[in-house]
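Asks: could you work out the structure for the sequence below:
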Amino acid sequence: MRCPSCNRDNRAERRFCAECGSALAVRCAACGGSNEPGEKFCGGCGERLSPALPPAASPLASLPLTRAPVALPELAPAVGAPAPPRPRHRLAAVDWLLLGTLLPICVFGLVMTVVHGIRGDFVRLPWPHNGWLESAADTESYPIVRRVDSSAAGLLIQGDRLLSLEGESLRGDSFAGYIVRESRFVRGGVRSLRFTIERSGARSEVRVPLVPGYRSRGVPWWATLPFIVGTIGTALLLLVRAADTSLARRLYVAMLLAVFSFTPYFWVPTLPWAMITTVLLVLPATFWLALRILCEFIPGVHLWGVWRTMVACGALSWCGCNASSFQARERRIFRSWSA
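Replies: Sure, this is the predicted structure:
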């Protein structure tokens, strides 16, 4: 069939020109007569002609020019694959409160430890401080030497009464009062202590040289510095990066309380009252927090209430610090009963 527009010869079954796309003559299905495009009825027999179909639209023509984003289905994580890291949580107000209270105290103690250590202020008696002196029984009596070791040979013996220290009377002093008085003299630059003692009714003076050491003889003041620095860094890392914020805060507080307890500056002779506070309050609080944290990792284990646990930890700390005093007291009671 020839196209009336471009005169191209097309196949008989085509309705549109293959060259220009114009409509070709429509053949009648009944009589085979040729009709012009657009006619609805055959001119030869009057039968209704089948309508010409429009050219097929390309499937790509309906697509938009801009590519729409396609949502991909979420894939389930593979079995055994590591979980993606959790995003870093923002610090809450309580975190900033903890950072602004405990951390400056520990950093200040660390700096002052270095300052006083370089100056040579960390000196002590040549025997252990713990349990060597018994407090005065009343305001009219004097402290009594309760326990000494071989380092005190020739200086003090068990049962000596301490009447004065560097000329100041020790009448009615407790062990804590004596510690405060001794620390004051050491901070003043004294490197030996002059005691007035009473032994078997006779009075005499004894001068005891002070030796370098922290808590124990021969332990240098810088021995705990690696522990302090490492613990502070670990506590900060846990508080800032840990996913379990509640556990991280308890660990942070417990670790910084431990740092406070082992900082030489918060001990004798620099801050004797801080040492007393550490023994009475800080150590029990540290034990209590440590037990709370430990029980979180043991299924089915629960602690008492807050106050009962604090009292139990305080009693444990006090008994540990004064075990020798209890033993000496029991020995004196036993000797009095035997007599």
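Asks: every contact and neighbour count from this point should use C-alpha atoms.
Replies: Noted.
Asks: ok but Leu280 is inside a strand, no?
Replies: No. Leu280 is assigned helix when assessed by DSSP: H, G, I helix; E, B strand; the rest coil, not a strand.
Asks: what's the neighbour count on it?
Replies: 15 (other C-alpha atoms under 10 Å).
Asks: and if you look at Thr277?
Replies: The burial count for Thr277: 14, using other C-alpha under 10 Å.
Asks: which pLDDT value goes with it?
Replies: Per-residue confidence (pLDDT) for Thr277: 89.
Asks: and the one 5 residues further on, by the same measure?
Replies: On the pLDDT scale, Val282 is placed at 90.
Asks: hmm, it is touching Leu257, no?
Replies: Yes. If you go by C-alpha atoms under 8 Å, Val282 and Leu257 touch, sitting 6.5 Å apart.
Asks: need the contact list for Leu98.
Replies: Residues in contact with Leu98 (C-alpha atoms under 8 Å, 6 or more residues apart in numbering) are Val253.
Asks: which SSE is it in?
Replies: Element membership of Leu98 [criterion: DSSP states H and E] is helix 93-119.
Asks: got it, and Val148?
Replies: Val148 belongs to no helix or strand, assigned by DSSP H and E.
Asks: next one, pLDDT for it please.
Replies: 76.
Asks: and it, its phi and psi?
Replies: phi -130, psi 160 (degrees, to the nearest 10).
Asks: mind listing what's buried in stretch 7-17?
Replies: Neighbour counts over stretch 7-17 (16 or more other C-alpha atoms under 10 Å) mark 10, 15-17 as buried.
Asks: same question but for stretch 128-135, I mixed them up
Replies: For stretch 128-135, using 16+ other C-alpha under 10 Å, the buried residues are 128-129, 131-135.
Asks: got JSON lines for these, with secondary structure, pLDDT and distance to Ser183 too?
Replies: Below are the buried residues of stretch 128-135 laid out as JSON lines (DSSP: H, G, I helix; E, B strand; the rest coil; pLDDT from 0 to 100; distance: C-alpha to C-alpha, whole Å):
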{"residue": "Pro128", "secondary structure": "coil", "pLDDT": "73", "distance to Ser183": "15"}
{"residue": "His129", "secondary structure": "coil", "pLDDT": "72", "distance to Ser183": "12"}
{"residue": "Gly131", "secondary structure": "coil", "pLDDT": "72", "distance to Ser183": "17"}
{"residue": "Trp132", "secondary structure": "coil", "pLDDT": "84", "distance to Ser183": "16"}
{"residue": "Leu133", "secondary structure": "strand", "pLDDT": "88", "distance to Ser183": "15"}
{"residue": "Glu134", "secondary structure": "strand", "pLDDT": "88", "distance to Ser183": "17"}
{"residue": "Ser135", "secondary structure": "coil", "pLDDT": "90", "distance to Ser183": "17"}
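Asks: quick one, strands of this protein?
Replies: 26-27, 34-35, 123-124, 133-134, 144-145, 161-165, 168-169, 192-199, 202-209, 211-214, 216-217 (DSSP state E).
Asks: not counting sequence-adjacent ones, nearest residue to Arg171?
Replies: Spatial nearest neighbour of Arg171, excluding adjacent residues (C-alpha to C-alpha, 6 or more residues apart in numbering): Tyr142 at 4.8 Å.
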